[in-house]
Every structure is written in structure tokens, then in C-alpha cells.
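K.L.:
Let me see the structure of the following:
(one chain, ligands or ions: 1)
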Amino acid sequence: MALVPMTAFLEDAKKNKYAVGQFNLNNLEFTQAITEAAIEEKSPVIFGVSEGAMRYMGLDNVVAISEAAAKRAGVPIALHLDHGSSFDVVMKCIRAGFSSVMFDGSHYPLEENIRLTKQVVAAAHAVGVSVEGELGTIGGVEDDLDVAEEDAALAKPAEAIRFWEETKVDYMAIAVGTAHGMYKGEPKIHFDIIEEVARNIGAPIVLHGGSGVPDEAIVKSIQVGVGKINVNTESQVACTEVIRRVLEQKPNEIDPRKYLGPARDAIKEVVKGKMRLFGSSNRV
Ligand code: 13P
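P.N.:
Residues are numbered from 1 along each chain as shown. The predicted structure follows:
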């Protein structure tokens, strides 16, 4: 199967009240782990690629291994740019073969965010690529993005509704209290904001910063309108913990396959658990 836009999941996820997971690619092993998890869980899945990951892996490699994964998987896979920072990077990804893009104009004033997002939507939709927009400022650190806790700003429902009406993005990320990275305490998720925005727009809400959010909060967020959940840090933690353990046990190990293989298995287990939690297992 070829890579699909995220709109391929939209109707079924909405009808059956589940969310599709975006799992970020960091290297080949992540791509393999996420693909195997999707196959075993019979789940649709979104590969998330940040600009930092793209620089690390190489754009051509990202597209080649994602296309190979989609061809082999037999489950729908979207290749999605995570937090695209400009029209140029969005176009570069679309030309290279991405099936979906996020344009993150959340740091611009509302009018400017709307104007720039509309340009991205026009270009992307013309070639069948889905678009995620963002409003409000999500805290925490993710690659090039570093937002201090005091600078994180919740999305205002009226603004989010207007943003969607004017841009018609396919998926709408709004800041509702989650953050990128692990949490010190428990995140306070504003379900009321999710519910109000979801009720008034024609697109699912995206929950960024899915790592470390308690299971009950995830389930509740899906009930009130979340249709896509992003996870990266939990997979990274699982991966690195295994590598540390293997190398502690065998300090003389020099074959990368001996520690990356078990790390890949650990990432797969994290992803499978999230797919079950999000309700996307056994949907294809
Ligand atoms: P976490 O790393 O906190 O899981 O967040 C991932 C994310 O939101 C990617 O956009």
C-alpha cells in the first residue's frame, strides 16, 4: 500500500471513537518498531518526522524507508511532517513524498498564523496531502522547539474555532495543558477546551505531548474529541533504557545489532500499548 494522507483515518476514527497515534521516527529501528507494532495490532499509524529528525536521518532516507514500510505493512501509514516551521519546509517534504504535513504557526499572531496556514492548506490539498495546524503554545522541549513552562499558553476556544473556519485544516492541534517530554507532576489537561473546540469544528483535535499522560486522561480526551495523539519521548526512554542495560551487562559488546535489536523490541512494545489504549488496534 502507498503512504496515505491522515484524512484516510478520519471517518472511521470519528465513527468508532478512537485516536490514531503519531509515533516519531528517530532512526531506522524506530521505523521498523512502529511498523511491526502497526502490523501486529492491525492499526493505522502516523510516522511523525520533526525537522531535527529529518536532518539526522536525511529526507531521502526518511521517505524511502517509510515508503518501504507502507508497501510491506498492509495497514494504512501516513508520513507526516511534525511542527513544520515554514512554507518552504512543507513544500520540500511534499515534493519528497510526504503524505501529510503539520504547519506550526502557533508562535505567530493569530492573523498571521491563519494567513500562513491557509497557504499551506491550498498547496497541500491541491496534491492530496493532509494538513495539521496549531493554535496555542505547547510547552516542553522537542528538537528545535523549546518552550518554558511559563510561556506555554492554552488555546482560546473562540480563536481555535475561527482558525479552523478560515483555514479548514484536516486536523487541529490546540494547546490544552500537555507538553513535549516527560512531566514532573501530572499534566492538567483542559478537557473543557477540547470539548468546546471539537464540538464546533469539522476536524479532530490533536493531542501533542502524549508521553506520560495517564491512561484515564487519554481515554477521556478521546471521548471529548481527540482523534490523533503524538508520542515520542516514551519510545525514546524505552529505547535508551534497554541500550544502557545491555551495555552495562556486556561492557565489551561492540555489535550495534546486539543492543539496537532489543531496543527496537522495547519501542515496539511501547507503541503497541499506546495503540491499544488509543483504541486503534484491530481497525484494519
Ligand atoms: P512527547 O515526546 O512528549 O511524547 O511528544 C511528542 C509530540 O508531541 C510530537 O509532536
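K.L.:
Can you report how many residues lie near the residue lying closest to Asn24 once chain neighbours are set aside?
P.N.:
Spatial nearest neighbour of Asn24, chain neighbours left out: Asn232 (3.8 Å); criterion: Cβ to Cβ, 6 or more residues apart in numbering. In this view, the C-beta of every residue, glycine as well, is placed from N, C-alpha and C. Counted with other Cβ atoms under 10 Å, the burial measure for Asn232 works out to 25 neighbours.
K.L.:
Could you do Ala175 as well?
P.N.:
Residues near Ala175, counting by other Cβ under 10 Å, number 24.
K.L.:
ok, it touching Gly136?
P.N.:
Yes. At 2.9 Å, Ala175 and Gly136 qualify as touching, with contact defined as Cβ atoms under 8 Å.
K.L.:
buried residues in the longest helix anywhere in the chain?
P.N.:
Criterion DSSP state H: the longest helix present in the chain is helix 256-278. Residues of helix 256-278 classed as buried by neighbour count (16 or more other Cβ atoms under 10 Å): 259-260, 263-264, 266-268, 270-275, 277-278.
K.L.:
among the residues you listed, which two are most distant?
P.N.:
Distances among the buried residues of helix 256-278 were taken as Cβ to Cβ; the most separated pair is Tyr259 and Phe278, at 28.9 Å.
K.L.:
Just list what the longest helix of the chain packs against, helices and strands only.
P.N.:
strand 20-24, helix 28-41, helix 215-223, strand 226-231, helix 233-249 (3 or more Cβ pairs under 8 Å, 6 or more residues apart in numbering; DSSP states H and E).
K.L.:
Quick check: Val169 vs the ligand, distance?
P.N.:
15 Å (Cβ to the nearest ligand atom, to the nearest Å).
K.L.:
before we move on, what about Cys93?
P.N.:
Cys93 is 15 Å from the ligand, by Cβ to the nearest ligand atom.
K.L.:
Name the nearest residue to that residue, ignoring sequence neighbours.
P.N.:
Distances taken as Cβ to Cβ, 6+ apart put Leu81 closest to Cys93, at 4.6 Å, once the chain neighbours are dropped.
K.L.:
Quick check: the one you found is in a helix.
P.N.:
No. When the secondary structure is assigned by DSSP: H, G, I helix; E, B strand; the rest coil, Leu81 falls in strand instead of a helix.
K.L.:
Quick check: it vs the ligand, distance?
P.N.:
The span separating Leu81 from the ligand equals 10 Å under the rule Cβ to the nearest ligand atom.
K.L.:
What of Asn113?
P.N.:
With distances defined as Cβ to the nearest ligand atom, the gap from Asn113 to the ligand amounts to 17 Å.
K.L.:
contacting residues around that residue?
P.N.:
For Asn113, the set of contacting residues under the criterion of Cβ atoms under 8 Å, 6 or more residues apart in numbering consists of 105-106, 133, 135, 163.
K.L.:
what inclination does the longest helix of the chain have with respect to helix 215-223?
P.N.:
60 degrees (axes from the mean of the first three to the mean of the last three Cα atoms, to 10 degrees).
K.L.:
close to the ligand, is helix 256-278?
P.N.:
No. Interface with the ligand: helix 256-278 contributes nothing (Cβ under 6 Å from any ligand atom), its closest point being 9.6 Å away.
K.L.:
what angle do that helix and helix 233-249 make?
P.N.:
With the same axes, to 10 degrees as the criterion, the two stretches helix 256-278 and helix 233-249 enclose an angle of 150 degrees.
K.L.:
What lies in contact with helix 256-278?
P.N.:
18-21, 23, 29-30, 32-34, 36-38, 40-41, 43, 45, 210, 215, 218-219, 222, 229, 231, 234-235, 238-243, 246-247, 250, 253, 281.
K.L.:
again, only this time at 7 Å
P.N.:
Among residues not part of helix 256-278, those counted as contacts by Cβ atoms under 7 Å, 6 or more residues apart in numbering are 18-19, 21, 23, 29-30, 32-34, 36-37, 40-41, 43, 215, 218, 222, 229, 231, 234-235, 238-239, 242-243, 246-247, 253, 281.
K.L.:
PyMOL command for the buried members of those?
P.N.:
The PyMOL command for the buried members of the contacts of helix 256-278 (criterion: 16+ other Cβ under 10 Å) is given here:
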select buried, resi 18+19+21+23+29+30+32+33+34+36+37+41+43+218+222+229+231+234+235+238+239+242+243+246+281
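K.L.:
and the ligand, which of the contacts of helix 256-278 reach it?
P.N.:
Contacts with the ligand within the contacts of helix 256-278, as defined by Cβ under 6 Å from any ligand atom: 231, 234.
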